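Student: Have a look at this prediction, sequence included:
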Amino acid sequence: MSNRQMIGAGVIVAFGIALSIALSAQNASKPAPNSDAKPRPAMPQYNSDGALHLPSDYRQWIFVGSSLGLSYSQGGPLSMNMEMFHETLMEPGAYKHFVDTGTFREGTMLALLLHGTGEKVLPARHGKFAADVHGVEMAVKDTSHRAEGWAYYNFGGMGGIRTAAQAMPKESCYSCHVEHAKRDNVFLQFYGLLAEAAHIKVSAAAEHGPTLALNGLDPVMLAGGREEMGKPEIVETHGTLRYQFVSEPNRARFAADPDAIVTHSTSEFAKRYQ
Ligand code: HEC
């Protein structure tokens, strides 16, 4: 080997050592693989004062339905009788859960986008399209935040969309949803795509077993003046309705004297929500 070849070989060896040191340093700085790490479900986030954050990616959620000019009075400037396009979007993790189980899991988030209507823009001669966003609202199921489960938020729109909003009073939003929505406060009757994905017949959505009474609140607690969500696995059917309870002893108390508890809890419920 000539001197030059020896220098060349030495450079190659030195380079090899440097490379392997660099690689092992890189490996050491990598976080240890965590085999049981599951993706965490997207959950609602709140400020310290309880206001809900508008999730940054809500416009990428799954589209579940739309309507034109479905009229109902809502609080604020939207109560004007303006025809608007409505689009409902659902957070993808909660969507998958619904498609798999037919239930809205804790932390389910839905967004409603309200658009003004546009028309007569060339080349269109007829018809209307969804123009500017006039409102962004959200429905969130979170019993750790609200005893009754669902809460409703209005992020404004025309004057700019707020990044956080406090829950609306029950009588502005919740009461209409609890009374008229087909399944667990959600207007599934207008979301054909969602119902179809979950293999639910929209027209039969309400006939899916006995209807849930008191929107799932425990009637024994409610008769005693307290709102607490019952567990779907502790239930009792009475007449055409299904009641949920927080505990087995509460279920047994109900079963022993259902009529009295139904009367008291129904009137408490009516006082609060109707
Ligand atoms: C008088 C009845 C009524 C009232 C009051 C009402 N809503 Fe709704 N809401 C509906 C109907 C009907 C739909 C079906 C979707 C649509 O409008 O296209 C709906 C859908 C929604 C959705 C989409 C998810 C779902 O639950 O179906 C959100 C979010 C929503 N409303 C928010 C609100 C907020 C916020 C308020 C209070 C400011 C409110 N709603 C008040 C009737 C009502």
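Tutor: That came through, no problem. Since the structure is predicted, the reported quantities are computational estimates derived from the model, not experimental observations.
Student: Does residue 170 touch residue 269 like I think?
Tutor: No: the pair residue 170 / residue 269 is not scored as a contact, 11.5 Å apart, by CB atoms under 8 Å. Placement of C-beta: from N, CA and C, glycine included.
Student: wait, what's in contact with the closest residue to residue 230 other than its chain neighbours?
Tutor: With CB to CB, 6 or more residues apart in numbering as the criterion, residue 230 has its nearest non-adjacent residue at 2.7 Å, and that residue is residue 244. By CB atoms under 8 Å, 6 or more residues apart in numbering, residue 244 lies in contact with 212, 216, 217, 218, 229, 230, 231, 232, 234, 235.
Student: from those residues, which would you call buried?
Tutor: Burial by neighbour count, judged by 16 or more other CB atoms under 10 Å, picks out 212, 216, 217, 218, 229, 230, 231, 234, 235 from the contacts of residue 244.
Student: re earlier: settle it for me: which of residue 170 and residue 269 has more neighbours?
Tutor: Using other CB atoms under 10 Å as the criterion, residue 170 and residue 269 rank with residue 269 on top: 20 against 17.
Student: Tell me the secondary structure at the more buried one.
Tutor: helix (DSSP: H, G, I helix; E, B strand; the rest coil).
Student: what residues does this structure put near the ligand?
Tutor: 67, 70, 72, 74-75, 86, 88, 110, 112, 137-139, 152-154, 168, 172-173, 176-177, 185-187, 190 (CB under 6 Å from any ligand atom).
Student: Next up, phi/psi of the spatially most central residue of the chain, please.
Tutor: In the chain, the residue lying closest to the centroid (CA atoms, centre = their mean) is residue 109, at 1.8 Å. Dihedral angles of residue 109 (phi, psi; degrees, to the nearest 10) stand at phi -130, psi 130.
Student: Residue 189 versus that one, what's the distance?
Tutor: Applying CB to CB, to the nearest Å, the value for residue 109 to residue 189 is 20 Å.
Student: Strands of the stretch 51-200 of the chain, residue ranges please.
Tutor: 52-53, 62-68, 85-90, 109-119, 128-141, 150-157, 160-161, 164-165 (DSSP state E, counting those that start in this stretch).
Student: which stretches of the stretch 101-250 of the chain aren't confidently modelled?
Tutor: 124, 202-209 (pLDDT under 70).
Student: Which segments of this structure make up each domain?
Tutor: According to automatic domain parsing, the chain comprises the domains 52-205, 209-273.
Student: Could you check how far the first one is from the centre of its chain?
Tutor: Same thing as domain 52-205. With CA atoms, centre = their mean, to the nearest Å as the basis, domain 52-205 stands 10 Å off its chain's centre.
Student: ditto for stretch 229-243
Tutor: Worked out by CA atoms, centre = their mean, stretch 229-243 lies 23 Å from the chain centre.
Student: please begin residue numbering at 664 from this point
Tutor: Sure, I'll start counting at 664 from here, so that last one is stretch 892-906.
Student: what does that stretch rub up against?
Tutor: Residues contacting stretch 892-906 (CB under 8 Å, 6+ apart): 766, 806, 810-812, 872-877, 879-882, 907-911, 913-914, 917-918, 921, 925.
Student: same deal with stretch 925-934?
Tutor: 877, 878, 880, 882, 883, 885, 886, 888, 901.
Student: isn't there a strand covering the fifth one?
Tutor: No: residue assignment for residue 883, taken from three-state DSSP, gives helix, which places it outside any strand.
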